[in-house]
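[1] From the sequence below, what's the structure:
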Amino acid sequence: MYIDTHCHLLDEKINDIENILIKARELNVQKFITCATDLNSSIDAVKFADSHDGVYASIGLYPEYAQQYNDQFESEIAKLAQNKKVVAIGEIGLDYSLLDCDREKQKEIFTRQLNLANDLKKPIVIHCREAYGDLITLLKSHRNLLKWGGTCHCFTASKEIASEILKLDLQISANGVSTFKNAEKVRNMLKTLPLSRILLETDSPYLAPHPFRSQINTPCFIPIIAHSLADILGVSPEEIEVATTTNARRLFNI
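    Numbering: from 1, shown residues only. Sure thing, here's the model as predicted:
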């Protein structure tokens, strides 16, 4: 059994999600964590998870929308998190690739959501782009808030940064980027990771793996990512399946 630990099942780019889930299950992808980026998508993710077996939700505020965070938002997320299908707070983090982004505001809101996740006893799902220096500094200074674990989703940074992530007892999520022809740096980084610290994700509908890179990504591509990772690490696909599923079940308590 595979688990897609990060997908956006309700994204408008994805059509006919019910049939996609059926096909994914036929390919042995049996569980899915659909991730939110703001309050409305958090509400929708929880509703969808509630009505679908094997689907779970990760809720929170994406760094691009940091200005939307306030006490009311935090209260609403805390209420939603009481649902048994909510398995994480995320995706949260830092994104300095955005035009005119307020870096200090992003760090403030990321820290507030770290506190919220800790209070709720939930793991975190981290988004980071062009901000790994500040991310590592912030996480180290708030290590006491990481006791419930978490993962850096869609991780494509260097092996040196990966090492710092591992020291914080966090997981690293591999996706279709590792299959791209120009992603040798990512493959070299993945080779340095112990199997006990890797998760699988698609980030659907984005970043479909080679040779489907131009297509809409779906959880059906998880086996392709898994087989590619097996080749990268020099292990069997069965080992990847067992290890990544064990890691995901332990982290997200599913």
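
[2] How many neighbouring residues does residue 136 have?
    17 (other C-beta atoms under 10 Å). For every residue, glycine as well, the C-beta is placed using N, CA and C.

[3] A strand includes it, no?
    No. Assessed with DSSP: H, G, I helix; E, B strand; the rest coil, residue 136 is helix; it does not lie in a strand.

[4] Do you know the pLDDT at it?
    We have a pLDDT of 98 for residue 136.

[5] Put the alpha carbons of the helix or strand residue 232 falls within into PDB.
    Per DSSP states H and E: residue 232 is located in helix 222-233. Extracted as PDB, the C-alpha positions of helix 222-233 are listed here (Å, rounded to 0.1, in the frame of the first residue of the first chain):
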ATOM      1  CA  ILE A 222       2.800   7.700  -6.800                       C
ATOM      2  CA  PRO A 223       4.000   4.300  -8.000                       C
ATOM      3  CA  ILE A 224       6.200   6.000 -10.700                       C
ATOM      4  CA  ILE A 225       7.800   8.200  -8.000                       C
ATOM      5  CA  ALA A 226       8.300   5.200  -5.800                       C
ATOM      6  CA  HIS A 227      10.000   3.100  -8.500                       C
ATOM      7  CA  SER A 228      12.200   6.000  -9.400                       C
ATOM      8  CA  LEU A 229      13.200   6.500  -5.700                       C
ATOM      9  CA  ALA A 230      14.000   2.700  -5.500                       C
ATOM     10  CA  ASP A 231      16.400   3.200  -8.400                       C
ATOM     11  CA  ILE A 232      18.000   6.200  -6.800                       C
ATOM     12  CA  LEU A 233      18.500   4.500  -3.500                       C
END
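
[6] which helices and strands does the helix or strand just after it pack with?
    Where DSSP H and E defines the elements, the next helix or strand beyond helix 222-233 is helix 237-252. Packing contacts for helix 237-252, counted by 3 or more C-beta pairs under 8 Å, 6 or more residues apart in numbering; DSSP states H and E, involve strand 2-7, strand 198-200, helix 222-233.

[7] now helix 237-252 against strand 2-7, angle please.
    50 degrees (axes from the mean of the first three to the mean of the last three C-alpha atoms, to 10 degrees).

[8] Contacts for helix 237-252 next, please.
    Outside helix 237-252, the residues that touch it by C-beta atoms under 8 Å, 6 or more residues apart in numbering are 1-3, 5, 28, 31, 33, 56, 87-88, 123, 149-151, 171, 195-200, 223, 226-227, 229-230, 233, 254.

[9] Restricted to buried residues, select those in PyMOL.
    To isolate in PyMOL the members of these that are buried, counting by 16 or more other C-beta atoms under 10 Å, one can use:
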select buried, resi 2+3+5+31+33+56+87+88+123+149+150+151+171+197+198+199+200+223+226+227+229+230+233
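
[10] contacting residues around the residue nearest in space to the middle of the chain?
    Nearest to the mean C-alpha position of the chain, by C-alpha atoms, centre = their mean, lies residue 153 at 3.8 Å. Residue 153 makes contacts with 5-6, 35, 90-91, 125-127, 173, 175, 201, 203, as judged by C-beta under 8 Å, 6+ apart.

[11] now, which of the residues you listed sits nearest residue 139?
    Distance to residue 139, by C-beta to C-beta, is smallest for residue 126 among these, at 8.3 Å.

[12] Make sure that closest one is indeed in a strand.
    Yes. Under three-state DSSP, residue 126 falls within a strand.

[13] For it, the count of nearby residues, please.
    Residue 126: 27 neighbours (other C-beta under 10 Å).

[14] how many other residues sit next to residue 238?
    Using other C-beta under 10 Å: residue 238 sits among 10 other residues.

[15] when you give positions from now on, start the count at 3
    From this message on, residue numbering opens at 3, which makes the last subject residue 240.

[16] That one and residue 3, how far apart?
    Note on residue 240: its distance to residue 3, by C-beta to C-beta, to the nearest Å, is 11 Å.

[17] What of residue 64?
    For residue 64 relative to residue 3 (C-beta to C-beta), the value is 29 Å.

[18] Understood, closing this out.
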